[in-house]
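Undergrad: quick one, fold the following:
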Amino acid sequence: MKEVSAALTALLLHAAFAIFLAPVAGRAQNKPRARDLGVPFDGTPGPLNAITDVKGVEVGFATIIEGDGKLVAGRGPVRTGVTAILPQGKNFRGRVFAAWHTLNGNGEMTGTTWLEESGSLGTPVMITNTHSVGVVRDAVIEWNARRGTDEGYSGDFSLPVVAETWDGFLNDINGFHVRKEHAFQALDGAKPGPVAEGNVGGGTGMVAHQFKGGTGTSSRLLAKAEGGYTVGVLVQANYGRRDLLRVAGVPVGREITDLMPERGKAGDDGQGSIIVVVATDAPLLPHQLKRLVRRVSLGVGVMGGRGENSSGDIFIAFSNANPEASKTEGVAQLSMLPNELINPLLRATVEATEEAIVNAMVAAETMRGIGGNTVHAIPHERLREILKKYNRLAK
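TA: Reported below is the predicted structural model:
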């Protein structure tokens, strides 16, 4: 009986510990970001330097890290998760104007056919691993259905936007460890405020430029003379060759030629993908958001991404302005920023994309996964030394 009691106590403590950790997933981690290391960037960030600087946006995560050692299909090791981006919080019932773009299409983002047709987004945006798109998609539909389908509710919840990148170098991707409960956790745990980065959510098992990649975010605040609008970006970075990596214009990938992924190949030909979500409070119509989201490609290119054949580089942008975009009767009263005033937003998108990718890499920590496969974090002090060598260190 004592042994049974001890086992039961341990089990209860384990469960309590898991429950305790769950709410922490959406909060920012206490670790340096790229600017803290002296990486110079153009533009002015918002207060949080995160996608949540755009009013209404909430972000949540479910992170799954289990097991170690040899791969046993269906049993791990597990290095994966789910990220949820809610355009206007958990109580969002309508639509926002949106657009999407792909630099290279060897990937998946569901819901884009209707998004392209309607110019609107009526669901959360979810990001996970390649083999979990289906279960996350179904989970979003169930999550929305449970919340009710009253008269004011957008029917778009039947066509949710779910994107993916491949984490099979570190994760038992064929074990299908992401379940609907994880999608629910990411959705229910979504919050405004600081956003965790690195090895979290869908970014848990990702690799960027053959360093540890993952989740990153950034924002840009336009000057009052430019409208004072905010552009926020969140990335799930899992792409790129080492030798092409540039940070603030410096060829960091050619300077750090060691610390390559161990016990296998990860991204040696540019394989992998990157998903980018752009949010803004500027009053842009769908065709203008299409222009905006295309500029994400420039931010990826500045970092060294080339949209290789095996890469899935897929981006989505939405605007939280124009509340009557959800209107289903009568004539909607809309506002639109003139095209002649859109340039600062285009620049901000490029700048925030670049910084979000670097933030993802700086926040990520060295990870060992299936069969001992290991991906190293970019070394902070060496990065600073290289930036200083090229006279690019900000401090």
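Undergrad: can you get me a residue count around the residue nearest to residue 94 when sequence neighbours are not counted?
TA: Among residues not flanking residue 94 along the chain, residue 326 sits closest, at 2.8 Å (Cβ to Cβ, 6 or more residues apart in numbering). Just so you know, the C-beta spots here come from the backbone N, C-alpha and C atoms, and that holds for glycine as well. By the criterion of other Cβ atoms under 10 Å, residue 326 has 18 neighbours.
Undergrad: list the contacts of residue 85.
TA: 51, 57-59, 124-127, 190, 234, 277, 279 (Cβ atoms under 8 Å, 6 or more residues apart in numbering).
Undergrad: ok, so of those residues, who is nearest residue 378?
TA: Of all the contacts of residue 85, residue 234 has the smallest distance to residue 378: 19.3 Å, by Cβ to Cβ.
Undergrad: just send the contacts of residue 85 back as TSV, with secondary structure too.
TA: Listed next are the contacts of residue 85 as TSV, based on DSSP: H, G, I helix; E, B strand; the rest coil:
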residue	secondary structure
51	helix
57	coil
58	strand
59	strand
124	coil
125	strand
126	strand
127	strand
190	coil
234	strand
277	strand
279	strand
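Undergrad: neighbour count added to the residues you listed, as TSV?
TA: Formatted as TSV, those follow (neighbours: other Cβ atoms under 10 Å):
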residue	neighbour count
51	27
57	27
58	24
59	29
124	27
125	25
126	31
127	29
190	22
234	32
277	28
279	29
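Undergrad: closest to residue 360 among the residues you listed?
TA: With Cβ to Cβ as the yardstick, the closest approach to residue 360 among the contacts of residue 85 comes from residue 234, at 9.3 Å.
Undergrad: state the pLDDT value of that closest one.
TA: Note on residue 234: pLDDT of 99.
Undergrad: surely it meets residue 277?
TA: Yes. Using Cβ atoms under 8 Å as the test, residue 234 is close enough to residue 277 to be in contact (4.7 Å).
Undergrad: contacts only, for residue 256.
TA: When contacts are counted by Cβ under 8 Å, 6+ apart, residue 256 touches 242, 378-379, 382-383, 386.
Undergrad: list buried residues within those residues.
TA: 242, 378, 383, 386 (16 or more other Cβ atoms under 10 Å).
Undergrad: just the ones of these in helices?
TA: 383, 386 (DSSP state H).
Undergrad: quick one, helices of the stretch 251-395 of the chain?
TA: Secondary structure of the stretch 251-395 of the chain by DSSP state H, counting those that start in this stretch: the helices cover 252-255, 286-294, 296-303, 343-363, 380-389.
Undergrad: kind regards, and thank you for your time.
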